[in-house]
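Pasting a predicted model and its sequence here:
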Amino acid sequence: MIYQFLATGFEDIEALAPLDIIRRAGLEISTVSITGENTVVSAHGVGVVADALLEEVDLDAADMLVLPGGLPGSVHLDECVPLREAIMKHHAQGKPLAAICAAPMVFGHLDILEGVKATCYPGVQSQLRGAEYTAEIVTVDGQFITGRGPAAAMEFGYAIAEHFLGAEAVAPLREGMIYNQLLASL
C-alpha cells in the first residue's frame, strides 16, 4: 500500500494528479489525513475526503510514503511527529519516499538527503540539507522521488508508478492519458 498524506493547505494538483495516475496504474494508494478530520482543505479551498486518518493506518506496512507540496501543507507535514517517525523508519529500511514542491523539505529537515540528488520548488532548495539540487521536473535517486512543483505533478505520478511497475508497463498509461502527445507539442 502507498500512503499519500494530506495536511491543511496541500497543493491540489500535486495530490490529486499523482493519486489519479497511481490508481489508473492499478496500484493501491490511500490518502491519509494528518488533521484528525476526514475532510482536508487544500491550499485553494477544495475539501478532499481522505481515505483514512493517520491514527487508523499502519505506517510500518506501507510500501511508499508520498508527500504532496503546497503551503502551509508542507509545513504541517513537517510538524507531524508520527509522519516524521515513519519517514525515518522507511528511510532506515531503504523503502521508497516521494515528495513534491515544498514537501521535500521534510526530508531535508530530517537530514536524510545527504548525497542524494533531489528537486523541489524554486526557493526551497536551501531546506534540502545535504542534497544535490537538480532543478529537474522530477528527480529519482535511490529510494527518493522528488518533484519540482505543480507542473511536475503528472510526471511525479508516473515516476511513482514506474518505481513499482517499470517504465514499459506505465508507457500505455502515458499514451492513453495523451501525456506523450502533450510533451511532443511543447
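Cool, the structure landed.

For the nearest residue to Ser33 once chain neighbours are set aside, which residues are in contact?
Nearest in space to Ser33, with sequence neighbours left out and distances taken as CB to CB, 6 or more residues apart in numbering, is Ala50 at 3.7 Å. The C-beta positions use only the backbone N, C-alpha and C, and glycine is treated the same way. In this structure, Ala50 makes contact with Leu6, Thr31, Val32, Ser33, Asn38, Thr39, Val40, judged by CB atoms under 8 Å, 6 or more residues apart in numbering.

With Val40 as the reference, measure out to Ala50.
Using CB to CB, to the nearest Å, Ala50 is found at 6 Å from Val40.

How many neighbouring residues does Met88 have?
Around Met88 there are 13 other residues, counting by other CB atoms under 10 Å.

Correct me if wrong: it contacts Leu110.
Yes - Met88 sits in contact with Leu110 when judged by CB atoms under 8 Å, with a separation of 6.1 Å.

Most neighbours out of the contacts of Ala50, which is it?
Among those, Leu6 has the most neighbours (other CB under 10 Å), with 29 neighbours.

Does the residue nearest to it when sequence neighbours are not counted belong to a helix, a strand or coil?
In space, Leu6 comes closest to Val40 once its chain neighbours are excluded; the distance is 4.1 Å by CB to CB, 6+ apart. Following DSSP: H, G, I helix; E, B strand; the rest coil, Val40 is assigned to strand.

Quick check: Val40 touching Thr8?
Yes - Val40 is in contact with Thr8 according to CB under 8 Å; the separation is 6.1 Å.

Which parts of this structure are strands?
In order along the chain, the chain carries the following strands (DSSP state E): 2-6, 29-33, 39-41, 47-49, 52-53, 64-67, 97-100, 117-118, 132-133, 138-141, 144-147.

how about low-confidence regions in the protein?
For the chain, applying pLDDT under 70 flags no range at all.

Now with 90, please.
180-186 (pLDDT under 90).

Was I right to think His76 contacts Ala7?
Yes - taking contacts as CB under 8 Å, His76 lies within contact range of Ala7: 3.5 Å.
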